[in-house]
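Student: here is a sequence with its predicted model. Questions after.
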Amino acid sequence: MMRSVWKALAASLGLLLALPPAGAAWAAGTPYTVPPVSGSLNTYNVSAVYVAGVSSGGYMATQLQVAYSGRIRGSAVFAAGPYYCAQNTVSQALYACGDNIYPTYPATLEAYTRTWASYGWIDPVGNLASRPAYVFHGTSDGTVKKSVTDDLVGYHQRFGASVQYDSGSPAGHAWVTPYGTGGCTVTASPFLNDCGTDPQNAFLRKLLGSVQAPNTGPLRGTLIRFNQNTFAVNGWANGISMDAAGFAYVPPSCAAGQSCRLLVALHGCLQGYGRVGTAFVDRANLNQYADTNSMIVLYPQATTSAVNPNGCWDWWGYLGATNYPIKGGAQVETIMNMVRRVDG
């Protein structure tokens, strides 16, 4: 990629905020954590699969939802726009899918989706009807304009999805979490903002129907650091701008064979392990809910590369292949290989 799609994020990148030692919970807003342990991604008794993501991870979450709607039962997206928004064009990604200087062409995106489903390149669009979708946009987000996220809501509605839109928060461009290290309105590394709210409760209720209160004490599960090369379509994760290792949080009930849900959680640009360590994994407020709601959380990791200097997920075609948003797309398929392993 010749220009950074997330130029606003790059400009706001600050010093890496030091995190407390694993297991510490010293102050309000600081979560208990568990240190990652090297291991394999195993197969569990999974009843349903969901996706969530922020920024480029939000775009990737929607790509996964649309391409594999027969398998993925719902999505939660922070600070992103509609499916195939960039249409394999850098200028469209910059000026229509971040800024709103160009239109996103919702009718065109719907037509692509329906055509690709008729070819079998993505799952039938009928699967999207009544699918739960949670969409979040902060009023201080100048990186992805509200009209762009509005078009994501409209895109889901064109296919009959059940959408909950949270657009009243003053948040900047970030994943909003009670364990955020930044103020609500900022757009700055590590893009984890505390707005005094718990959007994870809201989106998990939307996706799952109901949730138990999160575990705010010491975590009970295991954070596994696994080899992403095993799942990469080319056998080499770095070759598709993915890190060598990913993470999965597995509560003891799931490890013991009880029925569990799987949530794929996708970080944004400048938010992967290579940039901020396990900040997203530790502070996304998902492991806390996983402990009390029989849920495994899978954290695939993108990384920087010559064509992807900010470690974004491929939602505009930076890997050079036009199939990036459909079945067979390098990162889509690699993540789904992980899902297939966990889901059995």
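Tutor: Perfect, I can see it now.
Student: OK, contacts around the closest residue to residue 251 other than its chain neighbours?
Tutor: Closest residue in space to residue 251, ignoring its immediate chain neighbours: residue 221 at 4.1 Å, by Cβ to Cβ, 6 or more residues apart in numbering. Just so you know, the C-beta spots here come from the backbone N, C-alpha and C atoms, and that holds for glycine as well. When contacts are counted by Cβ atoms under 8 Å, 6 or more residues apart in numbering, residue 221 touches 34, 249, 250, 251, 252, 254, 255, 287, 290, 291.
Student: from those residues, list just the buried residues.
Tutor: 34, 249, 250, 251, 254, 287, 290, 291 (16 or more other Cβ atoms under 10 Å).
Student: which residue or residues pair with the third one through a beta bridge?
Tutor: In other words, residue 250. Counting by DSSP bridges, residue 250 forms beta bridges with residue 222.
Student: hmm, residue 274 is touching residue 305, no?
Tutor: No - in this structure residue 274 lies outside contact range of residue 305 using Cβ atoms under 8 Å: 10.4 Å.
Student: quick one: the strands in the stretch 51-200 of the chain, in order.
Tutor: For the stretch 51-200 of the chain, the strands defined by DSSP state E, counting those that start in this stretch occupy 72-78, 132-136, 162-166, 175-176, 182-183, 192-194.
Student: ok, residue 191 touching residue 58?
Tutor: No - taking Cβ under 8 Å as the definition, residue 191 is not a contact partner of residue 58, at 11.8 Å.
Student: now for the two: what residues contact both?
Tutor: residue 268.
Student: okay, the two: which has more neighbours?
Tutor: Legend: neighbour count by other Cβ atoms under 10 Å for residue 191 and residue 58, higher for residue 191 (32 against 29).
Student: and the more buried one, what is it in contact with?
Tutor: 9, 54, 55, 173, 174, 175, 182, 268, 270, 271.
Student: mind running it again at 10 Å?
Tutor: For residue 191, the contact set (Cβ atoms under 10 Å, 6 or more residues apart in numbering) comprises 9, 12-13, 54-55, 78-79, 143, 172-176, 180-182, 267-271, 275-276, 279-280.
Student: in space, what's closest to it - neighbours in sequence excluded?
Tutor: residue 174 (4.3 Å).
Student: what pairs with the closest residue to residue 64 other than its chain neighbours across the strands?
Tutor: Nearest residue to residue 64 in three dimensions, chain neighbours excluded: residue 51, at 5.0 Å (Cβ to Cβ, 6+ apart). Beta bridges link residue 51 to residue 75, residue 264 when assigned by DSSP bridges.
Student: contact partners for residue 51?
Tutor: Neighbour list for residue 51: 57-58, 60-65, 68, 72-77, 207, 262-266, 298, 335, 339 [criterion: Cβ under 10 Å, 6+ apart].
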